[in-house]
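Student: here is a sequence with its predicted model. Questions after.
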Amino acid sequence: MDFSIDKSSAGDSYVIRVDGELDMYTAPQLKSALQEAIDQGQKQLVIDLTRVGFLDSTSLGVLVGGLRRVRSEEGEMSLVVDHPQLDKMFRITGFDGVFRIHRTVDEALGNGSKE
């Protein structure tokens, strides 16, 4: 399966777009992208998961670690999720109360409120 990560700036935010399945094999690439962004001083991260159909516990751990690290630098991280399976997983695990979750990247960039 193909997997890619695309990074770009959008105003004051830094968008990381993930395409493909996030599992124990691809999670290190996401972790690296998050670390790189934070090391560069990015404070407002938007992680676009709209092209992700599967996310395992390893990847969830990477996202939580990234959130902790960016918050320790007085930043924030939002997720963009529109896949029903991922949305359900975030609700069942209670992580919908931990992350700011939006339906579109524009929504995540446009306001900081949780949807």
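Tutor: That came in fine, so what should we check first?
Student: quick check, Ile16 in a strand?
Tutor: Yes - counting by DSSP: H, G, I helix; E, B strand; the rest coil, Ile16 falls inside a strand.
Student: going forward, the N-terminal residue is numbered 125.
Tutor: Sure, I'll start counting at 125 from here, so that last one is Ile140.
Student: quick one: it and Ala157 touch, right?
Tutor: Yes - using C-beta atoms under 8 Å as the test, Ile140 is close enough to Ala157 to be in contact (5.2 Å). C-betas here are computed from N, CA, C, even on glycine.
Student: spit out the residues that contact these two alike.
Tutor: When contacts are counted by C-beta atoms under 8 Å, 6 or more residues apart in numbering, Ile140 and Ala157 have Ile129, Lys131 as shared neighbours.
Student: can you list contacts of the helix ranked longest in the chain?
Tutor: In the chain, assigned by DSSP state H, the helix with the most residues is helix 181-196. Here helix 181-196 makes contact (C-beta under 8 Å, 6+ apart) with 146-148, 150-151, 154-155, 158-159, 162, 166-167, 169, 171, 200-201, 203, 217, 219, 222-223.
Student: strands of this structure, residue ranges please.
Tutor: When assigned using DSSP state E, the strands of the chain occupy the ranges 128-134, 137-143, 168-175, 200-204, 224-226.
Student: so the residue positioned nearest the centre of the chain bridges to which residues?
Tutor: To find the centre residue of the chain, average its C-alpha atoms and take the closest one (C-alpha atoms, centre = their mean): that gives Ile171, at 3.0 Å. Residues in a beta bridge with Ile171, per DSSP bridges, are Ile140, Leu203.
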